[in-house]
Structure formats: structure tokens, C-alpha cells
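1. When you get a sec, could you give me coordinates for this:
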Amino acid sequence: MASPSDNNRTWDTPSDAKRLLAEDQYDDCLGCRVTGSAAFIGLGVYSYYTGMTNLRKQEKTVMQSATKYKMGSRRLGIATISATLVGMGIYRALN
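-> Modelled structure (predicted):
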């Protein structure tokens, strides 16, 4: 049975902390990275395609509405969201 002094051991050197941090690193398998990056990239492409398609269908309604957000700002929003999702997929694949 361990003595109480063993349970209350302090970390006297920085090398102990560095060793524990090195052991604690997490690395994904290749399949997890491929699946995750493909999901983000696919979602980005899908959101761009469907967003722009729906925006083209609703262009007449949008232009007649009283809102200050016309086609340009809406296209920019769709493109920004899609680019962010694709960027997350690329980041996921590389890191």
C-alpha cells in the first residue's frame, strides 16, 4: 500500500511537467482526419451551392423588399460562411 507521502508528491522539476505534457498529446488516425476534413469541405461546397441557388430564385423578392441587405451583402455572407467551412476542412486535414 502506498504511503500518504507518495500520494502528495510534488513536481519539483520542469522536466516532470514537460514529460507529462508530451505523454498527453493526442493524435487522430488517418481515417478520422479524412472523414472530418471531407465533412467540412463537403458542407462548405453544399452551403455555397444551395445558398446561391436559393438566392438566385429569390432575387426578385429580395430586390423588392425594404431591407438594406440586397444581393451583394447576401452573396458575401454565403461566400464567407462557405469559405470558412472549406478552410476548416483544410485545417483539419493538415493539423
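2. Does the residue most central in space within the chain belong to a helix, a strand or coil?
-> Centroid-nearest residue in the chain, with CA atoms, centre = their mean: residue 88, separated by 4.3 Å. Three-state secondary structure (criterion: DSSP: H, G, I helix; E, B strand; the rest coil) places residue 88 in helix.
3. just residue 16 next, same as before
-> Classified using three-state DSSP, residue 16 is helix.
4. related to what we said a few turns ago, the residue nearest to the centre of the chain touches residue 40, doesn't it?
-> Yes. Judged on CB atoms under 8 Å, residue 88 makes contact with residue 40 at a distance of 4.6 Å. Using the backbone N, CA and C atoms, a C-beta is placed for each residue, glycine as well.
5. Check the gap between residue 18 and residue 27 for me.
-> Residue 18 is 18 Å from residue 27, where distance means CB to CB, to the nearest Å.
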